[in-house]
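Colleague: Fold the following, please.
(chains A and B)
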Amino acid sequence: MKKVIGIDLGTTYSAIATLDDIGNPEIIPNPENNNKITRSAIYIGKDNAIVGDKALDASVTEPKKVAKHAKIKMEDEVVFSTKDGKWIDGKKGYTPSQVSSLVLKKLKDYTSGVKKVVITVPALFAEASRSATLDAAKLAGLEAELINEPTAAVLHYANLPGVKLSGRVLVFDLGGGTFDITIAKIKDKKVDVITSVGDKHLGGEDFDKEIIKIIDKKYKKAKGKSLNINDAKLAMTAEKIKKILSSKDKVAEIVDGPKGPHKIEIKREEFEESIDTYIEKIKMLMEEALERADCKPSNISQSLLVGGSTRIPLVTNIITKIMKKAPVKGVNVDEAVALGAAIYAGLQSKTDLNSAQKKAMSKVELNDVCNFYMGTLVVVADHERKMHATANRIIIPRDTPLPCAETADFALLYDGQETLKCSVTQSEGEEKELDFVEIVAEKEMKLGKDRSEGEPIKVTYSYDTNGKMHCIFEDIKKKTKVELDLKPEGSKTIKELKENLDFEIE
Amino acid sequence: MEGWIIWILIVIGFAVFRHISQENQTKEVIETLTSNQLTIKVKEEIPPKDVGIKVKCFGIKIKGWIGNPTEDQSKIILTIYDNTDSPDDDFGMPVLSAHPAFCEKNSRVFGVDVIWKTTADTYLTDFFNWIYIPKDIILSPKKGKRKLKFHLTVCETDTEVKHSSYDDVSKIKHHASTFVNFNFQEVGYMDELINKDKVEDLTIQLGMSMAAADGSLDQKELNIIKKWAQSLTDELEKDKADEKKKHFSSFIKKTYSAVKDKKVSLSNLVKDFNNKAGKGQKYLAIQLMLDIAGADGKLSKEEIVFINKIAKTTGIDLDTFKEMKNKVIANVDKIDMSESPSEETFGITKDMDEKEKCKLLRKEFTKWNNQTTNKDPKRRKRAKEMIKIVAELRKKYDC
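Modeller: Numbering: from 1, shown residues only, chains lettered A, B, ... in the order given. Coordinates of the predicted model:
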């Protein structure tokens, strides 16, 4: 029997889960140390790579060889340079997909026979990032499907034995590098996602950086010289301080610097003050999520926490203040996403399940939404500005329940038009301006000669539950079509992906 | 003898009476016919909810004969003329439409037509609400109080109307007109033509003033103005283009000195511009100013304040302006926030209460947060900066 596997590929930590014999999700620990979560850090040596805590340890002595935060670089055309020790523009180095593939390979090796997996991604990961994640899976020898992190988490919560959830819930997912909020409707084990909002650059790592700034300021005041704020050891100290401040009011740590060691004391209030800009962003995203779901805090029955950074007391206080109710506690916030991904993997491969697992999955149902506005570019008369301009026209609005199919009618612009540019756009906001949308697919349609203004063009977008989108641009008169497919299958070949990657994992 | 006279008088009296009586009868017939003729009534109103238009409209109501003796259907056509300077039975200049749904085919001239199934003697006994025309979409030839003639015709179905003129008036089976006085706040399309040269000069003056808003007027900014002026000559014949280029060169030079010596009264300039420029011309001027503001790769606080002020006085749609401004903000390398997080950048004004400010900032946050995944790294960087500013301002207002 094939294994049902879910992977939480996180910015700072990753985890792998499966379904046990009776269909309950469980984390597969690292056989080397029995840890349930693995550091998403990779030491890239000349002939080998080390993934996990050991890689982070290596960063103290060889900081330039340790790649981190590959996940939040997925959308960028950057590489990790072991010469510079950072992500740089250019081609000499390791792409985010290559670095992430090493984490996936490591997780894959925690158990045997892993071929097909479900990998989680932030809800608002754009096409490029999703594609890069799938490239990483391909490179790790995995056949992957994606699920949004908060959606996976809500699946886990809905399937928790002894926890009765119903009505609208708010999933608050604050991880190491990304932040998502999802509002979903739960009835028994049926989950209907209503909306997701997020910030791909907000997480525990940002809080660590603020602590580093406090440490540096205090060290400079006492010793008259600044610390190296990019020092890996200092980053580890900051993370340690952050964790302690989640349970204690103050913490003291010895910090080594250019003028010798110095004891630094940080109070919780100082830390909270330093992250208040991030907290404001969190508040705004909560407001946005509620507005998108067209509900008030009183309409939300429970707030569910996911991600290590939700352990910070200020974060829970903010949620309690806005929602006027304390969030649900009691689950391991580091594992919820991977466990939910395993449930989704079970849902997706029911033929691979035994009868007990099938029974456990029988009542589980998930209905997701389209996380972006999908549109096309058209020329419109701007009556306000009295001019013609290229504008984005939405075909599938964000938060439309999946599967869906939407059609829009357009017309040829002028007599004698010979070609038509068929473009598919993606945007988080309801954007009209070309400058604020991404063109995710494009193809030209040949119209032929003697065409007249106003002849109809029909555009149909259909989006299935697996995130595959099919777009048809139809010339009604000539009965010809241009079809564009957006499939989450990764964009590169194995050969392209393997460039530079000439070592084995240790 | 007296008897004869009396008799003659009686006969004459009877004849007169009969004549009067016959005349009254004819009048009655005419009146009956008139009351069944095609009639048009125009009422200024907000349409009922099911129409789906929420703005004030001209509601067109029709009554009377709409039949066509030669076909089993009729084409109903509505045209509007500006009859302020023409006699009532004449047809003045046509009005234009800002919306294609109310335009003649391939033209901006106002014109609406519809084909109805009719018989030879079809008539509407009561006023029928035919169509609602949003008042804002009608563009008159001139600004101010104008007398509009609404002309309704019932015609043969192959009737064509171009620039409000009928291809063949014999195809008209019934017609009716009515007049409405309307005050147009916007500069008319004829005004725009008459003022064109003046508005171009005023736009250059505004552009120069914008360039000088941050205290310096550099070559990059000047080049934007020159390029804009040159674009106005692109479609002219060579002689005219050369003449215009000569004018612009000297005018730009003259304006440069005037702006540098602070001899341009901005209030007078804006007043003059607003009185003479049409909406499209206003947007072009604002776009030019935004391009100038972003020419040096940075957007200073003074530039933002200046442009916000001008945009507000022109009466253009502020949401459209915001979109135009955001495009510039997204593309410049730097926004000057040297003093404090700039409320002006987001259009926060003193008359807003804290709640309004918080809501506006949240909307700005959403806008820029959506841009944090843009493919362009410069755009992403800018989005992150904008989000930081929004968050700082929200803290300031204790949102």
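Colleague: How many residues are close by A:K46?
Modeller: 8 (other C-beta atoms under 10 Å in any protein chain shown). C-beta coordinates here come from the backbone N, C-alpha and C atoms, glycine included.
Colleague: looking at this, it is in a helix?
Modeller: No. Counting by DSSP: H, G, I helix; E, B strand; the rest coil, A:K46 is not part of a helix but coil.
Colleague: and the gap between it and A:N24?
Modeller: Between A:K46 and A:N24 the distance is 43 Å, computed by C-beta to C-beta, to the nearest Å.
Colleague: same question, A:I439
Modeller: From A:I439 across to A:N24, the span is 44 Å (C-beta to C-beta).
Colleague: now do B:C358
Modeller: Per C-beta to C-beta, B:C358 is found 45 Å from A:N24.
Colleague: Next: B:G297.
Modeller: Taking C-beta to C-beta, one finds B:G297 at 58 Å from A:N24.
Colleague: Who has more neighbours out of the two?
Modeller: A:N24 (17 against 10).
Colleague: can you count the residues close to B:L193?
Modeller: Counted with other C-beta under 10 Å, residues neighbouring B:L193 total 11.
Colleague: hang on, it in a helix?
Modeller: Yes. Per three-state DSSP, B:L193 lies within a helix segment.
Colleague: Need the pLDDT of it.
Modeller: Per-residue pLDDT puts B:L193 at 92.
Colleague: Likewise for B:H19?
Modeller: With respect to pLDDT, B:H19 has a value of 45.
Colleague: now the residue lying closest to A:V51 once chain neighbours are set aside: how far from chain B?
Modeller: With sequence-adjacent residues excluded and distances taken as C-beta to C-beta, 6 or more residues apart in numbering or on different chains, A:V51 is closest to A:K106, at 3.9 Å. For A:K106, the distance to chain B (C-beta to the nearest C-beta, to the nearest Å) stands at 27 Å.
Colleague: Now do the contacts for A:T465.
Modeller: Counting by C-beta atoms under 8 Å, 6 or more residues apart in numbering or on different chains, A:T465 touches A:367-368, A:402-403.
Colleague: Can I get the residues you listed in CSV including distance to A:K358, neighbour count and secondary structure?
Modeller: Compiled in CSV, the contacts of A:T465 are given as follows (distance: C-beta to C-beta, whole Å; neighbours: other C-beta atoms under 10 Å in any protein chain shown; DSSP: H, G, I helix; E, B strand; the rest coil):
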residue, distance to A:K358, neighbour count, secondary structure
A:N367, 20, 16, strand
A:D368, 22, 22, coil
A:L402, 24, 19, coil
A:P403, 23, 14, coil
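Colleague: for those residues, which one is nearest A:S129?
Modeller: When the contacts of A:T465 are compared for distance to A:S129 (C-beta to C-beta), A:D368 wins out at 17.3 Å.
Colleague: could you give the mean pLDDT of stretch B:244-264?
Modeller: Throughout stretch B:244-264, pLDDT has a mean value of 90.
Colleague: Buried residues of it, list them for me.
Modeller: Neighbour-count burial for stretch B:244-264, counted by 16 or more other C-beta atoms under 10 Å in any protein chain shown, picks out B:244-245, B:248, B:251-252, B:255-256, B:259, B:264.
Colleague: Kindly report the same for stretch B:191-210.
Modeller: By 16+ other C-beta under 10 Å, the buried positions in stretch B:191-210 come out as B:191-192, B:195, B:199-210.
Colleague: Also stretch A:469-484?
Modeller: In stretch A:469-484, counting by 16+ other C-beta under 10 Å, buried: A:469, A:471-475, A:482, A:484.
Colleague: can you count the residues close to the closest residue to chain A within the stretch 151-300 of chain B?
Modeller: At 3.3 Å from chain A, B:G280 is the closest residue in the stretch 151-300 of chain B, using C-beta to the nearest C-beta. Applying other C-beta under 10 Å, we find 19 residues neighbouring B:G280.
Colleague: For it, which residues are in contact?
Modeller: Counted by C-beta under 8 Å, 6+ apart, B:G280 has contacts A:385-387, B:192.
Colleague: would you turn these into JSON lines with secondary structure and distance to A:D199?
Modeller: Formatted as JSON lines, those follow (DSSP: H, G, I helix; E, B strand; the rest coil; distance: C-beta to C-beta, whole Å):
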{"residue": "A:R385", "secondary structure": "coil", "distance to A:D199": "33"}
{"residue": "A:K386", "secondary structure": "coil", "distance to A:D199": "38"}
{"residue": "A:M387", "secondary structure": "strand", "distance to A:D199": "35"}
{"residue": "B:E192", "secondary structure": "helix", "distance to A:D199": "46"}
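Colleague: Show the backbone phi and psi for the closest residue to chain A within the stretch 51-200 of chain B.
Modeller: At 4.7 Å from chain A, B:A98 is the closest residue in the stretch 51-200 of chain B, using C-beta to the nearest C-beta. Taking degrees, to the nearest 10, you get phi -90, psi 0 for the backbone angles of B:A98.
Colleague: tell me the contacts of it?
Modeller: B:A98 sits in contact with A:383, A:386, B:136-139, where contact means C-beta under 8 Å, 6+ apart.
Colleague: What about those, which are in strands?
Modeller: Mapping the contacts of B:A98 onto strands (DSSP state E) picks out B:138-139.
Colleague: Make a PyMOL selection of whichever of the contacts of B:A98 turn out to be buried.
Modeller: Of the contacts of B:A98, the buried ones can be selected in PyMOL as follows, counting by 16+ other C-beta under 10 Å:
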select buried, (chain A and resi 386) or (chain B and resi 137+138+139)
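Colleague: give me the low-pLDDT residue ranges for chain B?
Modeller: Low-confidence segments of chain B (pLDDT under 70): B:1-36, B:336-342.
Colleague: what's the burial count for A:V424?
Modeller: Neighbour count for A:V424, taken as other C-beta under 10 Å: 25.
Colleague: Does it lie in a helix or a strand, and which?
Modeller: Following DSSP states H and E, one finds A:V424 within strand A:419-427.
Colleague: returning to what we had before: filter the buried residues of stretch B:244-264 down to the ones in helices?
Modeller: Among these, DSSP state H puts B:244-245, B:248, B:251-252, B:255-256, B:259 in helices.
Colleague: Name the residues of stretch B:389-398 that are buried.
Modeller: Under 16+ other C-beta under 10 Å, the buried positions of stretch B:389-398 are B:389-394, B:397.
Colleague: near chain A, from those residues?
Modeller: Contacts with chain A within these, counted by C-beta under 8 Å from any C-beta of the partner chain: B:390-392, B:394.
Colleague: Restricted to strands, list those.
Modeller: Using DSSP E, none of those sit in strands.
Colleague: out of these, who's nearest A:P31?
Modeller: Ranked by distance to A:P31 (C-beta to C-beta), those are led by B:A391 at 43.6 Å.
Colleague: list the contacts for that closest one?
Modeller: With C-beta under 8 Å, 6+ apart, B:A391 has these contacts: A:277-278, A:280-281, A:284, B:365.
Colleague: which pair in the residues you listed spans the largest distance?
Modeller: Greatest spatial distance in the contacts of B:A391: A:Y278 and B:F365, 12.6 Å, computed using C-beta to C-beta.
Colleague: of the two, who's got more company?
Modeller: Counted by other C-beta under 10 Å, A:Y278 and B:F365 do not tie: B:F365 has more neighbours, with 26 against 22.
Colleague: any idea which helix or strand carries the more buried one?
Modeller: Secondary structure (DSSP H and E) places B:F365 in helix B:354-369.
Colleague: Check whether that helix comes near chain A.
Modeller: Yes. Judged by C-beta under 8 Å from any C-beta, helix B:354-369 comes into contact with chain A at B:361-362, B:365-367, B:369.
Colleague: Pipe those residues into JSON lines and attach distance to B:K384 per row.
Modeller: What follows is those, written out as JSON lines (distance: C-beta to C-beta, whole Å):
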{"residue": "B:L361", "distance to B:K384": "16"}
{"residue": "B:R362", "distance to B:K384": "17"}
{"residue": "B:F365", "distance to B:K384": "12"}
{"residue": "B:T366", "distance to B:K384": "14"}
{"residue": "B:K367", "distance to B:K384": "13"}
{"residue": "B:N369", "distance to B:K384": "9"}
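Colleague: Who are the contact partners of the nearest residue to B:T119 once chain neighbours are set aside?
Modeller: What sits nearest to B:T119 in space, not counting adjacent residues and going by C-beta to C-beta, 6+ apart, is B:G67, at 5.8 Å. The contact partners of B:G67, by C-beta under 8 Å, 6+ apart, come to B:74, B:118-123, B:154, B:173.
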